[in-house]
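J.: what follows is a predicted protein model with its sequence.
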Amino acid sequence: MLSRISSIIRKEFIHVLRDPRTLAIVLAMPALQLVLFGYAINTVVDHLPVIVLDEAGDPRSRAFVAAFENSGYFDLRDVASSREEVRQAVDSGRAKVGLVIPADFGLQVLRREPAMAQLVVDGSDPNVAQTAIFAAGMVAQVQSADTLANALARQGLATSGGATIELRPVVLYNPSMLSVTFMIPGLIGLILQFQTLILTAFAIVREREKGTLEQLVVTPIKPWELMAGKLLPYVATAFLAVALALGVGRFWFGVEVQGSLLLLVALSTLFLLSSLGVGLLISTVSQTQTQAMQLALFVMLPSVLLSGFMFPREGMPWIIQQVGLAIPLTYFLQILRGIILKGVGVEVLFGSVLPLAMFGVVVFALSATRFNKRLG
Amino acid sequence: MNEPAIAVRELTKRFGDLVAVDRVSFEVRTGEVFAFLGPNGSGKSTTIRMLCGIVVPSAGSGHVLGFDIATQGEGIKQHIGYMSQKFALYEDLTVRENLEFYAGVYQVPARLRQQRLAALIEMAGLTGRESQLAGTLSGGWKQRLALGCAIVHEPPLLFLDEPTAGVDPVSRRRFWTMIYGLAREGVTVFVTTHYLDEAEHANHVALIHDGVLRALASPAELRRSGLDGQLLSVTCEQPMHAVTLLETVRGVKDVALYGTSIHVVIDSDEQSIASLAAWLAGAGVAVHEIVPISPSLEDVFISLIGSAARSRDGHDQSR
């Protein structure tokens, strides 16, 4: 029995080593995805290109523009000479934000009248627009306070006793609010799911496609032995990929695992039950690798979109949130973020571990039964 | 102890309304080569799958190497070798790795393994190619490697499902030499094939058609008595035209064109060479020669299948 399983395992590893595509999925994909998600998909908005039309051109307007730049949210990209030019720059996407300072801006400031400046924002990406408006408002507020303080000082009044309120937020777990810190736990979940699901489904369907499954059925191999021999190698490669992702996260992006590595491995194994189960299920209904791939993508897409990997679940409509609760990755992401970022233990994660375990056991048991029936 | 290697009685398999195998009974003696013939879709594969213990019969019973085919599939699988026309090899594994894989699957003891593999590689003529990927071998090599994989555990019974499909004639000949070598060593061989010349050398030949066993005998017996009538070879002008004419003649049971001559089966009670020659002359056909010939297996099978089809059609019409 063990010799039969180990024969299959040895054979599977030879397949993996001789197939460049599988090797790429196992080794290159985790690193590539980390770099892609770590750099390209940055959900923090800053350094927005700004085009400025300064019709006032006096010290006060220049101070306002300088304050804009110094905020870090905006980069002065261009200086316009007409309102038309500002529109064109935003239309063409050269600038995301246009700042128009009217000719009487400085005068209004000096007269202590409310000074007007216009902000033109490209609203096609709401995330960008929101940040731009929020940041511009902050700059204007700070600038007004400064102006007021200066004016008071010039009149010989001290501001030291003034009741200014300063808010100092404390960000836990991801103090620099980097996207990559948030992405790494999610990616690990996604890699684990993708690899085990696709590679196990492929490993079985390939045998059906080539006709070797027909041969294996007439050998003394029992269906469950075939299943074990097919699944174990890809569990191993999945963990190798996870180790790779964690390594890149640690040494390239500086994201350390805060919690217990052992707990991480244990709960990952629990999560694998459900994705291996889905992989097996796909293998029982697909005749070709192409079919298996399409089915796998069909399963993966909701996981990516609804689990909270890409978009925060808090912002989803109630019904979509409920759908997300039927996806094992949703729970696993909560666990991963808990262990990697917060360093919490199983006592905190219990609410996610329980449904994950239930999913895993049920899905795997159903798939394994179906697999055994189809082969036996 | 002279128990048959295979014995089935009234073996039947139904898929819904379709009867794939209909009350088939036969025995295969230990150490013989048993050829199982039939057109595609005749029930050949279903029969083999029942014998291997992977499809459970709907009715009837059978034993393979003493194991019950309905309940002891695991025992059967341990002791048989199976090779299909697909040559179930792993193309990205080398010759040796393929053999090692099946040796592990059949749990060949480690101490025997190296010696066994060396013998198989030599038998298959694959010496020097041990490290070549199976996918890069040509058809004949693949076929012999697949056979090697199927007998790595030295099974007393070997199932070959159209083992020579798509292989060149020289490789086919070499393959059969290996098979008869195994049979001489006492291995029972159950083989399905499309090539009737391959069946000529078998100890027994069975013909299955529409799930029903139509004939079972040695090739010589089949040629002698399988044909219900006398076989004549007719050479004449315009043979195509003559075939359509002959089909209407009373006492002519079967007509088929073979190259430039026509094979005609006649009922000796109603027709003779002389009467047929006279009839053809009367119909305006210029006959060169009519001679009696001894039938080949092909003649017998075409005749058997033809008469089965006719009786079935007649049955359908009468309903």
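T.: Looks like it arrived, so ask away.
J.: could you list the low-pLDDT ranges of chain A?
T.: Low-confidence segments of chain A (pLDDT under 70): A:40-45, A:156-180, A:376.
J.: tell me where it has strands.
T.: A:48-54, A:74-79, A:97-101, A:118-121 (DSSP state E).
J.: so which of the ones you listed comes closest to chain B?
T.: Using C-beta to the nearest C-beta as the criterion, the shortest distance between chain B and the strands of chain A is 51.8 Å, found for strand A:48-54. In this view, the C-beta of every residue, glycine as well, is placed from N, C-alpha and C.
J.: which neighbours in the sheet does that closest one have, and how are they oriented?
T.: Counting by DSSP bridges, the strands paired with strand A:48-54 are strand A:74-79 (parallel), strand A:97-101 (parallel).
J.: and the helices in the stretch 201-319 of chain B?
T.: Along the stretch 201-319 of chain B, the segments classed as helices by DSSP state H, counting those that start in this stretch run B:219-225, B:239-246, B:273-282, B:297-318.
J.: now the first one, how far from the chain's geometric center?
T.: Centre-to-centre, helix B:219-225 and its host chain are 16 Å apart (C-alpha atoms, centre = their mean, to the nearest Å).
J.: one more: stretch B:60-67?
T.: 21 Å.
J.: hmm, back to that, could you dump the strands paired with strand A:48-54 to JSON lines with mean neighbour count?
T.: Formatted as JSON lines, the strands paired with strand A:48-54 follow (neighbours: other C-beta atoms under 10 Å in any protein chain shown):
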{"stretch": "strand A:74-79", "mean neighbour count": "16"}
{"stretch": "strand A:97-101", "mean neighbour count": "23"}
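J.: can I get those in JSON lines with distance to B:Gly148?
T.: Putting those into JSON lines (distance: least, C-beta to C-beta, whole Å) gives the following:
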{"stretch": "strand A:74-79", "distance to B:Gly148": "71"}
{"stretch": "strand A:97-101", "distance to B:Gly148": "74"}
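J.: what count of nearby residues applies to the closest residue to A:Leu356 other than its chain neighbours?
T.: The shortest distance from A:Leu356 to any non-neighbouring residue, by C-beta to C-beta, 6 or more residues apart in numbering or on different chains, is to A:Tyr331 (4.3 Å). A:Tyr331: 29 surrounding residues under other C-beta atoms under 10 Å in any protein chain shown.
J.: what residue of chain B is the furthest out?
T.: B:Gly282 (42.3 Å; C-alpha atoms, centre = their mean).
J.: that older thread, least reliable of the helices of the stretch 201-319 of chain B by average pLDDT, please.
T.: For those, the stretch scoring lowest in mean pLDDT is helix B:297-318; its value is a mean of 71.
J.: spell out which parts of the stretch 101-250 of chain A neighbour chain B.
T.: Within the stretch 101-250 of chain A, the positions near chain B by C-beta under 8 Å from any C-beta of the partner chain are A:210-212, A:214-222.
J.: in helices, which of those appear?
T.: Among those, the ones falling in helices (DSSP state H) are A:210, A:212, A:214-217.
J.: quick one: which of those residues is nearest to chain B?
T.: Set against chain B, the nearest of those by C-beta to the nearest C-beta is A:Gln215 (3.3 Å).
J.: next, count neighbours for residue 140.
T.: The chain I'm using is chain A. Neighbours of A:Ala140 using other C-beta under 10 Å come to 16.
J.: wait, chain B was what I had in mind.
T.: Applying the criterion other C-beta under 10 Å, we find 20 residues in the vicinity of B:Gly140.
J.: need the contact list for the nearest residue to it once chain neighbours are set aside.
T.: Beyond its immediate neighbours in the sequence, the residue positioned closest to B:Gly140 (C-beta to C-beta, 6+ apart) is B:Ser171, lying 2.9 Å away. By C-beta atoms under 8 Å, 6 or more residues apart in numbering or on different chains, the contact set of B:Ser171 is B:139-140, B:143-144.
J.: closest one of the residues you listed to B:Phe26?
T.: Set against B:Phe26, the nearest of the contacts of B:Ser171 by C-beta to C-beta is B:Gln143 (26.8 Å).
J.: how close does that closest one sit to chain A?
T.: B:Gln143 sits 14 Å away from chain A, taking C-beta to the nearest C-beta, to the nearest Å as the criterion.
J.: in which helix or strand would I find that residue?
T.: B:Gln143 belongs to helix B:139-150 when assigned by DSSP states H and E.
J.: the very next helix or strand once past that helix packs against which elements?
T.: Sequence-wise, the next helix or strand beyond helix B:139-150 is strand B:157-161, with elements assigned using DSSP H and E. Helices and strands touching strand B:157-161, as assessed by 3 or more C-beta pairs under 8 Å, 6 or more residues apart in numbering or on different chains; DSSP states H and E, comprise helix B:44-51, strand B:80-84, helix B:169-184, strand B:188-193.
J.: need those in a markdown table with distance to B:Ser61 and mean pLDDT, can you?
T.: Listed next are those as a markdown table, based on distance: least, C-beta to C-beta, whole Å; pLDDT from 0 to 100:
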| stretch | distance to B:Ser61 | mean pLDDT |
| --- | --- | --- |
| helix B:44-51 | 11 | 92 |
| strand B:80-84 | 18 | 94 |
| helix B:169-184 | 27 | 92 |
| strand B:188-193 | 18 | 93 |
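J.: for A:Phe194, find the nearest of the ones you listed.
T.: Once the helices and strands packed on strand B:157-161 are compared by C-beta to C-beta, strand B:80-84 is nearest, at 34.1 Å.
J.: need the helices of the stretch 201-319 of chain B in JSON lines (columns: distance to chain A).
T.: Listed next are those as JSON lines, based on distance: least, C-beta to the nearest C-beta, whole Å:
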{"stretch": "helix B:219-225", "distance to chain A": "28"}
{"stretch": "helix B:239-246", "distance to chain A": "41"}
{"stretch": "helix B:273-282", "distance to chain A": "50"}
{"stretch": "helix B:297-318", "distance to chain A": "27"}
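J.: export these to CSV and tack on distance to A:Gly351?
T.: Conversion of the helices of the stretch 201-319 of chain B to CSV gives the following (distance: least, C-beta to C-beta, whole Å):
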stretch, distance to A:Gly351
helix B:219-225, 75
helix B:239-246, 83
helix B:273-282, 93
helix B:297-318, 69
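J.: please, which helix or strand holds the closest residue to chain A within chain B?
T.: In chain B, the residue found nearest to chain A is B:Gly104; the distance is 2.9 Å by C-beta to the nearest C-beta. With elements taken from DSSP H and E, the one containing B:Gly104 is helix B:95-105.
J.: quick one on the thing from earlier: pretty sure the residue of chain B closest to chain A sits against A:Ser6.
T.: Yes: with the criterion set as C-beta atoms under 8 Å, B:Gly104 and A:Ser6 qualify as a contacting pair; they are 6.9 Å apart.
J.: with neighbour numbers in mind, choose between those two.
T.: Regarding B:Gly104 and A:Ser6, a neighbour count based on other C-beta under 10 Å identifies B:Gly104 as having more, with 22 against 13.
J.: how about the nearest residue to that one, chain neighbours excluded?
T.: Leaving aside its sequence neighbours, B:Gly104 is closest to A:Ser7 (2.9 Å, by C-beta to C-beta, 6+ apart).
J.: cool, thanks, signing off.
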